[in-house]
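Participant: Sequence and predicted structure below; questions after.
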Amino acid sequence: MPPTTNRRQFLSKAATGAAAFAAATHWTASSYARVVGANDRIRIGVIGVGGMGSLHTRCLRDLSEPNNLQTISVADCWLTRAQAGAKTLGAPNVYSDYRRVLDDDIDYVTIATPEHHHKQMTCDALDAGKAVYCEKPMTHTIDEGLAVIEKQQQTGLPVQVGVQSTSDDIYRDAAKAIRKGVLGQVVQIQTEYVRRYGEQGPWRQPKVVRKHATKPADLDWKAWLGHAEQREWNPNHYFEWRNYSAYSGGVATDLFIHRISRMIIACDLEYPTRVVGMGGIWQWPDGRDLPDNFEMICEYPRGLTMYVLGTQSNRVGVDHLIRGYRATMQFAGNRWIARDKDGKQLAKGAGDVSESIHKHHTNLHNHLRSGEPLSCPVKIGMAGVAAVCMANHSWRTSQMMAWDADHMKMVPASTLTNVESHQVSRTEAATSS
């Protein structure tokens, strides 16, 4: 990118540029479908077969016959894990270096590694001409997310972000009703992701940690650390990485991303205007540096806020609601119901709420074969990353964060003098609802 071109200019021009690039290299959705073919076998590589990665291996095994798949390669920095994953999938190629997967003849790669690897692996895969399924969140940081968007737009290759709840059609059904004005002007969203852990706290595995006090001989610890701070073998960091900010965003990026992404779809949201994150390490002060109890509030340019509750000490949640001037939409199970201020039902709908990895992979398979729209493309993935990263930074710095649209970055809200210019007028918002 020329030094005189800023990121915002790049992204604003990307639709035209990416279309031209894709046309030149035959990587539009429809032409990619022709390359794969409606009846052709889709060839897959898998990077990372630990916790979530093992779920993906079982999913791809289950889908191999009905979706006509073949897993060619499996890689993990712990070779023992890679071999186990390859055995599950019947994959002939096993590597400890993920880059070897990208040299193989595959159509897409599944990335199920800690968050701090997502950006580099996704960009490397796109550079190698592979489509991508990348576990959530799309990236560890906002800058990394913008880099993935640039790379995806340059190559035109599909990227499915692994927020599987976005393949649940209930939220797109709700979005249709909201666009029709069932709720009137939408002013507030309320959702949660609550759990209650035992004495060990979120994401701790004391038995596994004790068992591996000494690093396994075939585990490439330096490769696992990647660009994170180099340190001696630490089984807590390896097995319990979601508790450490060097590799994860904790509650916000591992849990909230599911709830936020589906509300982003329901209400057609993108980057938040301002975000606050609050909470602390209150229940389990055990060396973690990410909160065990967390909440966040996002404000959006359309003139609405989204509140997310996230205690890990109590499993009693709150109703999942979208509040509008005319009515309130409540989600319960596989249904949504919109009622006015007097409780009169105005509309209702239903849809899948399975949060199925199988369905999410199948959506990518259908996209590759027929151009079916992706459930969680990079645009939605980036909107989620921006919100949760701003919330985490707000918590760490005790500041309200704002989105600087001119420079495509988060800044302390007190330093952004034109926050109000990002707001739409009440009349505009009402008209668009």
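Facilitator: Cool, got the structure.
Participant: Break the protein into its domains for me.
Facilitator: Using automatic domain parsing, the domain parsing of the chain gives 7-166+360-378, 168-199+247-353+384-432, 206-239.
Participant: what about D342, distance to A213?
Facilitator: 63 Å (Cβ to Cβ, to the nearest Å). Every residue, glycine included, has its C-beta placed from N, CA and C.
Participant: where's the closest residue to Y193 other than its chain neighbours relative to V388, distance?
Facilitator: Once flanking residues are discounted, Y193 sits nearest to L255: 4.1 Å by Cβ to Cβ, 6 or more residues apart in numbering. Distance, L255 to V388, by Cβ to Cβ: 9 Å.
Participant: what residue ranges in the stretch 1-150 of the chain are flagged as low confidence?
Facilitator: Segments of the stretch 1-150 of the chain classed as low confidence (criterion: pLDDT under 70) are 1-35.
Participant: So which bits of the helix or strand hosting M390 are buried?
Facilitator: According to DSSP states H and E, M390 maps onto helix 378-397. By neighbour count on 16 or more other Cβ atoms under 10 Å, the buried set for helix 378-397 is 378, 380-395.
Participant: Now do the helix or strand just after that helix: everything it contacts.
Facilitator: Downstream of helix 378-397, the next assigned helix or strand under DSSP H and E is strand 401-404. Residues from elsewhere that reach strand 401-404 (Cβ atoms under 8 Å, 6 or more residues apart in numbering): 271-276, 386, 390-391, 393-394, 409-413, 415-416, 419, 422.
Participant: got the angle for the helix or strand that contains V276 vs helix 378-397?
Facilitator: Secondary structure from DSSP H and E places V276 in strand 274-280. Strand 274-280 runs at 50 degrees relative to helix 378-397, counting by axes from the mean of the first three to the mean of the last three Cα atoms, to 10 degrees.
Participant: So which of the domains of the chain is the most surrounded?
Facilitator: domain 7-166+360-378 (a mean of 20; mean count of other Cβ atoms under 10 Å).
Participant: residues contacting I142?
Facilitator: 385-386, 389-390, 409-410.
Participant: Is it possible to get JSON lines of the residues you listed that adds distance to A128?
Facilitator: What follows is the contacts of I142, written out as JSON lines (distance: Cβ to Cβ, whole Å):
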{"residue": "V385", "distance to A128": "23"}
{"residue": "A386", "distance to A128": "27"}
{"residue": "C389", "distance to A128": "27"}
{"residue": "M390", "distance to A128": "32"}
{"residue": "K409", "distance to A128": "29"}
{"residue": "M410", "distance to A128": "31"}
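Participant: For those residues, could you give me a markdown table that also reports pLDDT and distance to R242?
Facilitator: Formatted as a markdown table, those follow (pLDDT from 0 to 100; distance: Cβ to Cβ, whole Å):
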| residue | pLDDT | distance to R242 |
| --- | --- | --- |
| V385 | 98 | 16 |
| A386 | 98 | 20 |
| C389 | 98 | 15 |
| M390 | 98 | 19 |
| K409 | 97 | 25 |
| M410 | 98 | 22 |
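Participant: Between which two of the residues you listed is the distance greatest?
Facilitator: Maximum pairwise distance in the contacts of I142, criterion Cβ to Cβ, is 12.5 Å, between V385 and K409.
Participant: before we move on, back to that, convert the C-alpha atoms of the strand holding V276 to PDB, please.
Facilitator: The C-alpha coordinates for strand 274-280 follow below in PDB (Å, rounded to 0.1, in the frame of the first residue of the first chain):
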ATOM      1  CA  ARG A 274     -18.200   4.400  22.000                       C
ATOM      2  CA  VAL A 275     -17.600   1.400  24.300                       C
ATOM      3  CA  VAL A 276     -17.200   0.900  28.000                       C
ATOM      4  CA  GLY A 277     -16.000  -2.300  29.600                       C
ATOM      5  CA  MET A 278     -16.300  -3.000  33.400                       C
ATOM      6  CA  GLY A 279     -15.500  -5.900  35.700                       C
ATOM      7  CA  GLY A 280     -12.500  -7.400  37.400                       C
END
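Participant: pLDDT on it, on average?
Facilitator: Averaged across strand 274-280, pLDDT comes to 98.
Participant: Are there helices or strands packed against that strand, and which ones?
Facilitator: strand 293-300, helix 378-397, strand 401-404 (3 or more Cβ pairs under 8 Å, 6 or more residues apart in numbering; DSSP states H and E).
Participant: Repeat the analysis, applying 10 Å as the threshold.
Facilitator: strand 293-300, strand 304-311, helix 378-397, strand 401-404 (3 or more Cβ pairs under 10 Å, 6 or more residues apart in numbering; DSSP states H and E).
Participant: Generate JSON lines for the ones you listed, with distance to G351 as supplementary columns.
Facilitator: Converted to JSON lines, these look like this (distance: least, Cβ to Cβ, whole Å):
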{"stretch": "strand 293-300", "distance to G351": "23"}
{"stretch": "strand 304-311", "distance to G351": "20"}
{"stretch": "helix 378-397", "distance to G351": "17"}
{"stretch": "strand 401-404", "distance to G351": "30"}
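Participant: Which one, of the ones you listed, ends up nearest to K87?
Facilitator: helix 378-397 (31.1 Å).
Participant: quick one, the closest one and strand 304-311 angle?
Facilitator: Using the same axes, to 10 degrees: helix 378-397 against strand 304-311 is 60 degrees.
Participant: In three-state terms, label the residue of the chain most remote from its centre for me.
Facilitator: Farthest-out residue of the chain from its mean C-alpha position, per Cα atoms, centre = their mean: D342, at 37.3 Å. Under DSSP: H, G, I helix; E, B strand; the rest coil, D342 falls in the coil class.
Participant: Which residues does E192 form beta bridges with?
Facilitator: L309 (DSSP bridges).
Participant: Going forward, the N-terminal residue is numbered 21.
Facilitator: Happy to do that; since the first residue is 21 now, the last one works out to E212.
Participant: how near is it to F351?
Facilitator: E212 is 11 Å from F351, by Cβ to Cβ.
Participant: list residues touching both of those two?
Facilitator: 339-340 (Cβ atoms under 10 Å, 6 or more residues apart in numbering).
Participant: Could you pull up the contacting residues of G269?
Facilitator: Counted by Cβ under 10 Å, 6+ apart, G269 has contacts 135-136, 157, 160-161, 262, 275-277, 310, 314, 405, 408-409, 411-413.
Participant: So R359 sits against A352, correct?
Facilitator: No - assessed by Cβ atoms under 10 Å, R359 is found out of contact with A352, at 11.9 Å.
Participant: which stretches of the stretch 221-370 of the chain form helices?
Facilitator: Per DSSP state H, counting those that start in this stretch, the stretch 221-370 of the chain carries helices over the ranges 226-231, 241-245, 255-259, 271, 277-286.
Participant: mind checking which of the ones you listed is nearest Q173?
Facilitator: helix 277-286 (19.5 Å).
Participant: Tell me the helices and strands packed up against that closest one.
Facilitator: By 3+ Cβ pairs under 10 Å, 6+ apart, helix 277-286 packs against strand 179-182, helix 190-199, strand 206-212, strand 313-320, strand 324-331, strand 340-344, strand 348-352, helix 398-417.
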